[in-house]
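In: with the sequence up front, the predicted model follows.
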Amino acid sequence: MKKVAIVASGIIKFNKSEKPLESLMLSSIRPIFENTKNLKQEDVDVVLTSTNANRNYLANIISELSGIKPKISHSVESLCNSGTNSLVSAYAYVSSGLADVALVTGADKAENPGLVLHWDMSRGEYQHPIFWSSMFTSAHMRKYGTTLEDLAYVSVKNHKNALDNPYAYFEKSFSLDDVMNSKNLAENLRLLDCSMPCDGAASVVICSEEKAKKFTDNPVWISGIGQKTISASFTKNNDLASMESTKSAVGDAYHMSNKTADDIDVVELHDAFSICEIIELEDMGLCQKGQGSKFVRDLYDTNNNKVNPRGGLIGAGHPLGATGIAQVIEIYQQLSGNAGKRQVCNAKTGLVHNMSAGSTSSTVLVLES
Amino acid sequence: MTKFEDELRNNNFVCSYCTKCQHFVWPTSDCCNKCLGDVIWKQVSRKAKLVEVSSKDEKYFCIAEFEGNIRVFGTLLENLPPQHDQSLILEKCGYDKSPKFVFKTV
Ligand SMILES: [Zn+2]
């Protein structure tokens, strides 16, 4: 397998707008060609799109609008981890030698479908994600004594981190009281513990080692990939204080990259809700099981932004098809030393965690400078 | 409209079942997800076990487990905080755009 590098990225501000999906995607693609030396449309032989917008022939439409005539172009959809799924598909094309340069673009509108998986009858009449989130929270509280205040610290921290991210949906900080006093959506879930659907788009270019030098002096390598789907039904998560698909995916990603949790300098993880960050930190070995809340509190108390430096989904917003790619862009910028005010000192190895449908499916990537 | 939905509307919970593998296929399907063979419709016991519980607007909702492997979200009619692993009984079920399950503690 060939080595594969991320060499360019483009992202737009996450917000709510009248712009159609194609315009959002194009807006994230244009800066890539403006800012990447030697990159021309004719260099790109793969275009993959990720969205939940149920659009036919979208990758081909985006190719035409971008002036690209790719060998391979198609959409990849997997609800909230569509973005990293499309990146993994692009990786496979490049690492196998079937293609050299791939453009991966993801976007969604706030109102696009994808939040609710109607197929999943096991959710009964409790179809909205707040209900599975509340179940994870109940289980984690019961097993590990997690409190509402512990959850609120995740939100406070990630909103604070988002202040340094010019592309984030939220542009204000929230105090612990703000979060605790935000609307009760369930007994253990507050409004500000949730990520918000919004409009957004993000794009990256990945390529083979031979091509990478042509486009950048600071490539970031995709050295580990793990993906696991345990089911499509939320209730197949046996242990609700844990995320089985995430544990499996991170194990494979660490194994492939020959890294452990101790090597990880910076992480973007899928905090769809506050409880998700706590469980994921534990399940990816970044702290011991049951210590996720304490770990978050320590990060907050020490002003350490190594977990979700762009603000995560809670601070940056969650345009489903763009989210995974935006997470990758953050770690790419961190590892190439271009994260500006968010820069985590000396970051060499980073982790991306993106999951969907109540963690029935997870994607984990290890990236290295 | 499937038999599953029709029966739920009649307050009866049936699920696809593989006689060869002797297991319920949930969510319902046209074939067994172990052997891919044919399935039949089988009555599900009304006895269940509480897996996890929370509340919204002072009404409990829960995940309950039937027959050792069929887990569903439903409403729990209870005034006091229920115990984990508590025995439940399916009080009623129905179907209106999505399945509806209502449980009581026993
Ligand atoms: Zn079978």
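Out: Arrived safely, thanks for sending. Numbers count the residues shown, from 1 in each chain, chains lettered A, B, ... in the order given.

In: C-alpha only now, for contacts and for neighbours.
Out: Noted.

In: who touches stretch A:337-350?
Out: A:161, A:164-165, A:263-267, A:305-306, A:309-310, A:330-331, A:333-335, A:366-369 (C-alpha atoms under 8 Å, 6 or more residues apart in numbering or on different chains).

In: what about those residues, which are in strands?
Out: A:Val266, A:Val267, A:Val366, A:Leu367, A:Glu368 (DSSP state E).

In: contacts only, for B:Asp6.
Out: Per C-alpha under 8 Å, 6+ apart, neighbours of B:Asp6: B:Tyr95.

In: rounded mean pLDDT for the helix or strand harbouring it, please.
Out: Assigned by DSSP states H and E, B:Asp6 falls within helix B:3-9. For helix B:3-9, mean pLDDT rounds to 96.

In: how many residues are close by the residue in chain A that the ion sits nearest to?
Out: Nearest residue of chain A to the ion, counting by C-alpha to the ion: A:Ser231, 17.3 Å away. Using other C-alpha atoms under 10 Å in any protein chain shown, the number of residues around A:Ser231 comes to 14.

In: any idea how far A:His270 is from the residue of the stretch 151-300 of chain A found nearest chain B?
Out: As assessed by C-alpha to the nearest C-alpha, chain B sits closest to A:Ala186 within the stretch 151-300 of chain A, at 4.3 Å. Distance of A:Ala186 to A:His270, given as C-alpha to C-alpha, to the nearest Å: 21 Å.

In: which one's more surrounded, those two?
Out: A:His270 (29 against 20).

In: host element of the most centrally placed residue in chain A?
Out: Chain A has A:Gly324 as the residue nearest its centroid, 3.1 Å off, counting by C-alpha atoms, centre = their mean. Using DSSP H and E, A:Gly324 sits within helix A:320-335.

In: and that helix, what does it pack against?
Out: For helix A:320-335, the contact count by 3 or more C-alpha pairs under 8 Å, 6 or more residues apart in numbering or on different chains; DSSP states H and E identifies strand A:4-11, helix A:82-95, strand A:101-108, strand A:200-208, strand A:266-268, strand A:349-356, strand A:361-368 as packing neighbours.

In: tilt between the longest one and strand A:4-11?
Out: Computed by axes from the mean of the first three to the mean of the last three C-alpha atoms, to 10 degrees, the angle separating helix A:82-95 from strand A:4-11 equals 140 degrees.

In: list the contacts of helix A:82-95.
Out: By C-alpha under 8 Å, 6+ apart, helix A:82-95 touches A:1-4, A:46, A:48-52, A:75-78, A:99-106, A:206-208, A:225, A:320-325, A:328, A:354, A:363.

In: pull the most distant pair out of the ones in strands among the contacts of stretch A:337-350.
Out: The most widely separated members of the ones in strands among the contacts of stretch A:337-350 are A:Val267 and A:Glu368, with 11.9 Å between them, by C-alpha to C-alpha.

In: and the two? Which one has more around it.
Out: Counted by other C-alpha under 10 Å, A:Val267 and A:Glu368 do not tie: A:Val267 has more neighbours, with 27 against 24.

In: what residues does chain B put near the ion?
Out: Residues of chain B found near the ion (C-alpha under 5 Å from the ion) are B:Cys18, B:Cys21, B:Cys32, B:Lys34, B:Cys35.

In: among those residues, which lie within helices?
Out: With helices taken from DSSP state H, there is no overlap with the residues of chain B next to the ion.

In: adding pLDDT and neighbour count, write the residues you listed out as CSV.
Out: Shown next, in CSV, are those (pLDDT from 0 to 100; neighbours: other C-alpha atoms under 10 Å in any protein chain shown):
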residue, pLDDT, neighbour count
B:Cys18, 97, 22
B:Cys21, 96, 14
B:Cys32, 97, 23
B:Lys34, 96, 11
B:Cys35, 97, 10
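
In: one step back: just the angle between the helix holding A:Gly324 and strand A:200-208, please?
Out: 60 degrees.

In: put the alpha carbons of helix A:320-335 into PDB.
Out: The C-alpha trace of helix A:320-335 is given here as PDB (Å, rounded to 0.1, in the frame of the first residue of the first chain):
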ATOM      1  CA  LEU A 320     -23.500  16.100   9.300                       C
ATOM      2  CA  GLY A 321     -21.700  15.400   6.000                       C
ATOM      3  CA  ALA A 322     -19.100  18.100   6.600                       C
ATOM      4  CA  THR A 323     -18.400  17.200  10.200                       C
ATOM      5  CA  GLY A 324     -15.900  14.400   9.700                       C
ATOM      6  CA  ILE A 325     -13.900  16.300   7.100                       C
ATOM      7  CA  ALA A 326     -13.900  19.400   9.400                       C
ATOM      8  CA  GLN A 327     -12.500  17.300  12.200                       C
ATOM      9  CA  VAL A 328      -9.800  16.000   9.800                       C
ATOM     10  CA  ILE A 329      -9.000  19.600   8.700                       C
ATOM     11  CA  GLU A 330      -8.500  20.600  12.300                       C
ATOM     12  CA  ILE A 331      -6.000  17.800  13.000                       C
ATOM     13  CA  TYR A 332      -4.300  18.500   9.600                       C
ATOM     14  CA  GLN A 333      -3.900  22.200  10.600                       C
ATOM     15  CA  GLN A 334      -2.600  21.300  14.100                       C
ATOM     16  CA  LEU A 335       0.000  18.800  12.800                       C
END
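
In: ranges for the helices of the stretch 201-350 of chain A?
Out: A:209-215, A:244-257, A:274-283, A:292-301, A:312-316, A:320-335 (DSSP state H, counting those that start in this stretch).

In: I'm done for today, thanks for sticking with me.
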